[in-house]
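Novice: Using only what follows, build the 3D model:
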Amino acid sequence: MMAGLLRESNGHFVSCFDDDLEPCRGGPRLAGRLAATRALTWQARMTHDCKHNGIIAHPGDQMEWEKFGYYEILRNQFSTEECAEIINMKNDGEEKHSELKNSRGALIRDSSLYWLYLTEKSKWVFDRVTNLVMVYNKKYNFEMSYDQQSAQLTRYRNGQKYDWHMDLGPLKSSTRKISAVVELSPAGSYQGGNVEIFYNERDNSHSRLQTGDVLLFPSFVMHRAAEVETGERWSLVFWYKGSAPFR
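Specialist: Numbering: from 1, shown residues only. Below is the predicted model of the structure:
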């Protein structure tokens with residue numbers, strides 16, 4: 001059991017009860033079952049668009065995904081100069097050290113956080129990522145709001161990481177639908193630190209993000225930020241939410 005931060009519910013799945021800063025963690029098998037078996041049932045709508053985007057509508061208003069991708073990388077969505085500008089936005093906020101340990105004292109998460117809020121200065125960043133998420137969501141048709149007011153600017157220094165976890169969790173994080181990660185660090189500025197996505201019972205799925213890439217995935221997918229070996233890695237993380245869980 002995670003000391004003071006996480007509670008164990010069944011021996012396989014551990015969920016946290018903290019705020020939005022700490023999403024839940026769970027067994028990789030759980031994530032695979034979620035991806036493989038999840039069916040979406042809601043009032044049938046936009047039938048033509050659903051068929052066009054690979055969503056199958058059945059009698060009784062049940063919809064299913066024809067295909068499922070654990071993640072998608074959109075290359076070169078931000079220039080090197082734009083990424084440097086985003087990193088410099090850290091000066092508008094206060095650094096928060098985020099550390100999460102298990103019951104044996106081993107680090108699960110160790111990083112520095114800055115909250116980036118929607119302002120006239122940052123609006124171009126939010127607009128660009130939101131437009132990408134809107135297109136991505138056509139594949140899944142999540143019930144979701146695109147009114148994003150904040151994002152998390154994260155710095156991983158030498159030896160820091162965030163181990164296997166899901167962005168989906170209890171309370172406020174239970175309505176997360178799509179996660180977006182913008183890779184900000186200049187090429188060659190760090191070693192290690194890959195974002196890895198768990199799928200098909202494997203744990204070595206390196207996404208190999210490059211400067212300006214945007215990584216998109218459903219928030220229930222297991223992933224991790226591997227330990228930075230040298231240098232430091234910067235990323236910008238968004239969680240797009242809906243009005244209720246799993247819709």
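
Novice: could you measure the residue nearest to the spatial centre of the chain against Val195, distance?
Specialist: Nearest to the mean C-alpha position of the chain, counting by CA atoms, centre = their mean, stands Ser179 at 3.2 Å. Distance, Ser179 to Val195, by CB to CB, to the nearest Å: 11 Å. The C-beta positions use only the backbone N, C-alpha and C, and glycine is treated the same way.

Novice: One more: Glu94?
Specialist: The gap separating Glu94 from Val195 is 25 Å, by CB to CB.

Novice: Repeat that for Val228.
Specialist: 12 Å.

Novice: What of Asp127?
Specialist: Counting by CB to CB, the gap from Asp127 to Val195 is 23 Å.

Novice: neighbour-wise, which of those two wins?
Specialist: Counted by other CB atoms under 10 Å, Asp127 and Val195 do not tie: Val195 has more neighbours, with 23 against 13.

Novice: so what's that one closest to, chain neighbours aside?
Specialist: Leaving aside its sequence neighbours, Val195 sits nearest to Ser207 (CB to CB, 6 or more residues apart in numbering; 4.6 Å).

Novice: Over to Val228?
Specialist: Gly193 is the one closest to Val228 (CB to CB, 6+ apart), at 4.1 Å.

Novice: now for the longest strand along the chain, which elements pack on it?
Specialist: Taking DSSP state E as the criterion, the chain has its longest strand at strand 107-117. In terms of contacts (3 or more CB pairs under 8 Å, 6 or more residues apart in numbering; DSSP states H and E), strand 107-117 is packed against strand 96-101, strand 150-156, strand 161-165.

Novice: Okay, now the sheet partners of that strand, with direction.
Specialist: strand 96-101 (antiparallel), strand 150-156 (antiparallel), strand 161-165 (antiparallel) (DSSP bridges).

Novice: need those in JSON lines with mean pLDDT, distance to Ala84 and mean neighbour count, can you?
Specialist: What follows is the strands paired with strand 107-117, written out as JSON lines (pLDDT from 0 to 100; distance: least, CB to CB, whole Å; neighbours: other CB atoms under 10 Å):
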{"stretch": "strand 96-101", "mean pLDDT": "90", "distance to Ala84": "22", "mean neighbour count": "14"}
{"stretch": "strand 150-156", "mean pLDDT": "97", "distance to Ala84": "13", "mean neighbour count": "20"}
{"stretch": "strand 161-165", "mean pLDDT": "92", "distance to Ala84": "23", "mean neighbour count": "19"}
